[in-house]
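J.: Quick one, fold the following:
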Amino acid sequence: YGRLDAWADVPDPQTPLPVASLGRDQGEELIERIRRGDERLTVEGHATPDYLYDLVDRHPGAVPENLTYRPRGGDLARVEVSFRNPNPGSGVWLRYNLSPDEPTTALSGVSLPFPAQGARTDWLSADAGNEWLEMANLTPLVLASEPVSYPAGRRTEQSWFAPVARPRVPQRSLLSGTPVLVGTELSMYGLPSWGDAEPHHHGMTWGAEVAQTTSIYQGDDLVASTPGGGIGASVEPGRPVRLVTEATQEDVSPYSTRTATEWGVEFPDADPESVRQLPLIQLDYGVEAD
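T.: All right, here's what the predicted structure looks like:
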């Protein structure tokens with residue numbers, strides 16, 4: 001009955017059982033024809049899609065009489081997506097569209113399988129102000145993007161799970177926060193420790209053998225230290241701050257099994273009325289790896 005929700009109706013997204021959906025009336029008609037023996041059912045299946053369309057057509061202010069949407073090739077962005085995980089397998093892909101009117105609201109996307117090692121061509125609506133939030137779940141590693149837009153009529157290349165894996169603090173994210181300073185209170189609620197080679201990706205792990213410790217120093221003095229990527233502490237004005245995170249892993253990847261990352265920032269004037277992000281420089285890598 002109704003439409004199959006592959007996320008909710010299939011117990012395990014990684015199940016090897018292929019599932020297709022028909023409306024009830026069409027399904028009963030097909031079953032009856034097969035029972036009569038006068039119909040041969042041939043099914044062609046693809047474990048992961050080679051191409052993908054993500055299309056959005058907005059109508060601010062009113063619903064037009066004609067809702068037909070016929071974009072031409074030059075109206076869309078072409079994104080060549082490569083998945084470069086060191087180990088084979090498959091994962092679950094999600095892409096959400098962000099509303100220009102409510103940039104913190106992600107419209108639900110459709111979950112699709114993707115190959116851990118492979119490629120796909122995506123075609124996306126590329127209207128002005130149109131942004132996307134993308135996620136690739138390759139358990140135990142989940143990579144997410146900052147909000148990203150793609151130019152119409154152009155070809156963009158994007159990779160996922162390529163080395164070098166390291167901590168990366170997203171500047172815009174719905175899933176984790178950048179370090180902020182309110183008066184003398186420094187806090188952050190999640191420093192992702194396993195971003196990939198793409199500059200706008202940050203990575204988190206679920207259920208893996210991962211150890212992470214995040215610490216705040218002023219000079220040689222340890223102000224606070226906590227397991228994981230979240231931390232909060234009161235710091236002393238006028239003294240430089242060092243934010244240190246150390247992470248180790250065994251299950252995520254054969255690369256970057258241990259990372260140690262340190263940021264040093266000058267403490268700005270204490271202002272209890274403002275919320276300021278710490279200016280943390282991000283280090284990206286361009287590694288020619290196969």
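J.: Next, the contact list for the closest residue in space to Asn87 that isn't next to it in sequence, please.
T.: Residue nearest to Asn87 in three dimensions, not counting chain neighbours: Ala116, with 6.4 Å by Cβ to Cβ, 6 or more residues apart in numbering. Just so you know, the C-beta spots here come from the backbone N, C-alpha and C atoms, and that holds for glycine as well. Ala116 is in contact with 83, 85, 87-91, 138, 161, counting by Cβ atoms under 8 Å, 6 or more residues apart in numbering.
J.: Please apply the same query to Gln218.
T.: Contacts here follow Cβ under 8 Å, 6+ apart; on that basis Gln218 touches 235-236, 239-242.
J.: separation between it and Gln171?
T.: Relative to Gln171, Gln218 is positioned 24 Å away (criterion: Cβ to Cβ, to the nearest Å).
J.: was I right about Ala119 contacting Val79?
T.: No - in this structure, Ala119 is not within contact of Val79 by Cβ atoms under 8 Å, at 11.0 Å.
J.: Report the beta-bridge partner residues of Gln158.
T.: Taking DSSP bridges, one obtains Val81 as the residues bridged to Gln158.
J.: my read: it touches Phe83, true?
T.: No - here Gln158 does not reach Phe83: they are 10.1 Å apart, not a contact under Cβ under 8 Å.
J.: one step back: take the contacts of Ala116 and write them to CSV, including pLDDT.
T.: Rendered in CSV, the data for these read as follows (pLDDT from 0 to 100):
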residue, pLDDT
Phe83, 96
Asn85, 93
Asn87, 88
Pro88, 90
Gly89, 90
Ser90, 90
Gly91, 93
Leu138, 91
Phe161, 93
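J.: I'd like to know which of the residues you listed are part of strands.
T.: Secondary structure from DSSP state E places 83, 90-91, 138 of the contacts of Ala116 in strands.
J.: Now for those: which two are most distant?
T.: Spanning the widest gap among these are Phe83 and Ser90, at 9.4 Å by Cβ to Cβ.
J.: between Gln158 and Phe83, which one's more packed in?
T.: Phe83 (22 against 16; other Cβ atoms under 10 Å).
J.: quick one on the thing from earlier: can you tell me which of the contacts of Ala116 has the most neighbours?
T.: When the contacts of Ala116 are compared by neighbour count (other Cβ under 10 Å), Phe161 ends up highest, at 27 neighbours.
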